[in-house]
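Predicted structure and sequence below. I'll ask about it afterward.
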Amino acid sequence: MKKNIPTEEELKKYSHKKMTMPLMEHAPEEAKGSVWKFIKKISTYARTPGTLADYKKMAVFAENDALVDVVLDTLKDMKYPFSEADFIPDIVGYYYSIAMISQSMHRRDETIKLLNELVDYVIANHSPSTLPLVRNMDVLSKDYPDLAGIFEKARILYKIDAIDGIKKGVPIRINKLYNNYTSAEKIEAEYINIENPQDGKVFVEVDEKEFVVRIVENGKDIFSKKFKHYSYGMIEYAIVRDVLLRKHMEDMKIDDATDERVVEAMRADLKKLYSDIGISVNNEEFSYITDGYEKYNNTDLPQDVQKYLEEIYNDEDLKDAFFDCDIEIYEEAWVKDLENDDSWFEDLMGTGESNYKNIKPFARDGSGGLWVVLDDEMIGYIGTEGECGIIARNINEFMNIVAVQRGYVDDFCSVDILKSEEAFLEEYKEAPESDYNRVFNRFIKKHGFTKDLKKIYEYIINGVTTKPFFQVIATDDEYCDSYSILGSDDGQEALEELIEKLQ
């Protein structure tokens, strides 16, 4: 049997991933095969680990002591890559490496020492790109109690990152319009964790768990809403809006934030800083501006798709559960905006024509890819790297798949996993682990969905292998045809390979 050791050409192919060469350089001859297998695996991931399911992907590698030796020694030598600009392209590989050693008992004392040192360093230096580090301890401490103490220390990073994000983001927006009008220090002093807030003024409480946006009058809350730490943009908007109101009140010498002249001037400024859709999204989140149950009946989406979007968007827990699966549901105005301006298609796929003509976006993933409704109400995906394809025959089967699988859909988009029912069941033989099991179980029960993995496999295969394939044919020599969601830069070869294996 040929040893699984890369050739120079193979190494060169992966060298843009910044973890590749350090790991191979630390590997003794007898460990190079397992290290190379690990490198190829972490190179397939597009984002840092976030859910328990993501972290569990590293559990099998954590059982290999020789591999743990190499990864741990590499990380110890690398130590603090957070401020290295050229490291950022493989921040994904770095944090999957951290996830792997965090689940190994081999050289455990050294691992715990390293994790403590990393957390101490990033807290002291307010280093960027460190939220996945605290997330690592947050998620894994339930199964590995010796990480709990590190998490208690590390969770302050949630707060540090949140405050830094607001302090930096708001002045950048405001000073675009009014040069040097405000600063990070002023924003923190006037808006963040204020003991005695001014009547009618927005202020934000930030701790290690969440944001709370509040408005007080006569000592009582007239508005209070909690937001997750990933909602930086919304919090920034609330403060930008308030800063602009206060500025125009001062300039006009008007002591009334509801005065039409003040509000109109503030709105005019917001239009210069945000798109119409951005304003609509944020206004909808802050019910002191506009309040109501979000509906989608003014869109061109099929009625059953509208109903699912209404249910998910208006249920914070369910919306968070889908967000955890990298499916972001937005308000009706976002859907309408994409219906009225189809430039998004060329932005994602370049100049080309699809064999499916009726393409309606209804959700987005973290990379900017879109979930879409196709002809005959099939559900497809258009990615940001030239990939597209059909996932399910209809919205009911799509929702059933997501609710049962509870991870990123692209986790199962692999010929090796889908080549047979046995391979699929082996991959998902353990019950999915999610922070949102209760929420998804309620969703499944409400809609009468199946939990039978054989049926889920059938839904996926029926969707993925639907013909004609959903693809985009380039009409400009500068672009190439799209490729399937099962493979990279291979046109439809991976999909054809899957169909051949199934037959």
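Sure thing, it's come through. Residues are numbered from 1 along each chain as shown.

which regions of the stretch 1-150 of the chain sit below the pLDDT cut-off?
Within the stretch 1-150 of the chain, the stretches falling below the threshold (pLDDT under 70) are 1-4, 14-17, 80-89, 128.

Tell me the buried residues in stretch 126-140?
Within stretch 126-140, the residues that qualify as buried are 127, 129-140, counting by 16 or more other CB atoms under 10 Å. Using the backbone N, CA and C atoms, a C-beta is placed for each residue, glycine as well.

Now render those as TSV, adding secondary structure and distance to Lys454.
Below are the buried residues of stretch 126-140 laid out as TSV (DSSP: H, G, I helix; E, B strand; the rest coil; distance: CB to CB, whole Å):
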residue	secondary structure	distance to Lys454
Ser127	coil	47
Ser129	coil	41
Thr130	coil	42
Leu131	helix	38
Pro132	helix	35
Leu133	helix	39
Val134	helix	39
Arg135	helix	33
Asn136	helix	34
Met137	helix	37
Asp138	helix	34
Val139	helix	29
Leu140	helix	31
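
Asn196: neighbouring residues, count only.
Asn196 is surrounded by 7 other residues when neighbours are defined as other CB atoms under 10 Å.

Any figure for the gap between it and Phe203?
Per CB to CB, to the nearest Å, Asn196 is found 10 Å from Phe203.

quick one, strands of this structure?
Assignment of strands within the chain using DSSP state E yields the ranges 202-206, 211-217, 220-227, 352-354, 360-364, 370-373, 379-382, 388-392, 472-474.

Turn those strands into CSV, columns for distance to Val335, mean neighbour count and mean pLDDT.
Written out in CSV, the entries for those read as follows (distance: least, CB to CB, whole Å; neighbours: other CB atoms under 10 Å; pLDDT from 0 to 100):
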stretch, distance to Val335, mean neighbour count, mean pLDDT
strand 202-206, 28, 21, 81
strand 211-217, 25, 19, 74
strand 220-227, 22, 14, 71
strand 352-354, 19, 16, 89
strand 360-364, 6, 21, 94
strand 370-373, 10, 22, 95
strand 379-382, 15, 24, 94
strand 388-392, 19, 25, 93
strand 472-474, 21, 18, 88
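
To Tyr457, which of these lies closest?
Within the strands of the chain, the stretch nearest Tyr457 is strand 388-392; the backing value is 12.3 Å (CB to CB).

Pull out the buried residues from stretch 433-445.
Taking 16+ other CB under 10 Å as the neighbour-count basis, stretch 433-445 is seen to contain the buried residues 433-436, 439-440, 442-444.

Likewise for stretch 27-40?
For stretch 27-40, a neighbour-count test (16+ other CB under 10 Å) marks 27, 31-36, 38-40 as buried.

show me what contacts the residue sitting nearest the centre point of the chain?
Residue closest to the average C-alpha location in the chain (CA atoms, centre = their mean): Gly366, at 3.9 Å. In this structure, Gly366 makes contact with 47, 326, 328, judged by CB atoms under 8 Å, 6 or more residues apart in numbering.

Pull the number of nearby residues for the first one.
Right, the one you point to is Arg47. Counted with other CB under 10 Å, residues neighbouring Arg47 total 16.

thinking again about what came up before, redo the buried residues of stretch 27-40 as TSV? Include distance to Gly233.
Compiled in TSV, the buried residues of stretch 27-40 are given as follows (distance: CB to CB, whole Å):
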residue	distance to Gly233
Ala27	42
Ala31	44
Lys32	44
Gly33	45
Ser34	42
Val35	39
Trp36	40
Phe38	35
Ile39	34
Lys40	35
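
Between those residues, which sits nearest His248?
Distance to His248 across the buried residues of stretch 27-40 (CB to CB) is lowest for Ile39, with 55.7 Å.

Wait, the closest one touches Glu25, no?
No. Under the criterion of CB atoms under 8 Å, Ile39 lies out of contact with Glu25, with a separation of 11.8 Å.

Thr466 and Glu117: what is the separation?
As defined by CB to CB, Thr466 lies at a distance of 51 Å from Glu117.

Same drill for those two, tell me which one is more crowded.
The residue with the greater number of neighbours, taking Thr466 and Glu117 and applying other CB under 10 Å, is Thr466; the counts read 18 against 13.

residues in contact with the more buried one?
Residues touching Thr466, when contacts are defined by CB under 8 Å, 6+ apart, comprise 378, 390, 393.

For Ala59, which non-adjacent residue is spatially closest?
Gln103 (5.3 Å; CB to CB, 6 or more residues apart in numbering).

wait, doesn't that neighbour sit right on Met58?
Yes. The pair formed by Gln103 and Met58 meets the contact definition of CB under 8 Å, at 6.0 Å.

Of these two, give the one with the bigger neighbour count.
Neighbours of Gln103 and Met58, each counted by other CB under 10 Å, are more numerous for Met58; the result is 23 against 20.

What number of residues are in the vicinity of the closest residue to Ile417 other than its chain neighbours?
Nearest residue to Ile417 in three dimensions, chain neighbours excluded: Glu427, at 5.0 Å (CB to CB, 6+ apart). Counted with other CB under 10 Å, the neighbours of Glu427 add up to 16.

My guess is Glu427 contacts Phe412. True?
Yes. In this structure, Glu427 is within contact of Phe412 by CB under 8 Å, at 7.1 Å.

Where does the prediction get shaky in the stretch 201-350 of the chain?
For the stretch 201-350 of the chain, the stretches flagged by pLDDT under 70 are 217-219, 221-223, 229-232, 284-293.

Could you list the domains of the chain?
The domain map for the chain lists 8-154, 160-285, 303-502, with the assignment taken from automatic domain parsing.

closest one to Asn297 among the ones you listed?
For the domains of the chain, distance to Asn297 was read as CB to CB. The smallest value, 6.1 Å, belongs to domain 303-502.

Ile163 and Phe151: what is the separation?
19 Å.

Met24 now?
Applying CB to CB, the value for Met24 to Phe151 is 31 Å.

Likewise for Ile235?
With distances taken as CB to CB, Ile235 is found 24 Å from Phe151.

swap in Leu23?
Separation of Leu23 from Phe151 (CB to CB): 26 Å.

So these two - more neighbours on which side?
When Leu23 and Phe151 are compared for neighbours, Leu23 comes out ahead with 27 against 20, by other CB under 10 Å.

need the contact list for that one.
Contacts for Leu23 were tallied using CB under 8 Å, 6+ apart; they are 35, 38-39, 70-71, 74, 97.

Can I get the contacts of Gly366 in JSON lines including distance to Leu495?
Listed next are the contacts of Gly366 as JSON lines, based on distance: CB to CB, whole Å:
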{"residue": "Arg47", "distance to Leu495": "23"}
{"residue": "Asp326", "distance to Leu495": "22"}
{"residue": "Glu328", "distance to Leu495": "26"}
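
Just give me the closest of those to Asp269.
Nearest to Asp269, judged by CB to CB, of these is Glu328 at 27.1 Å.
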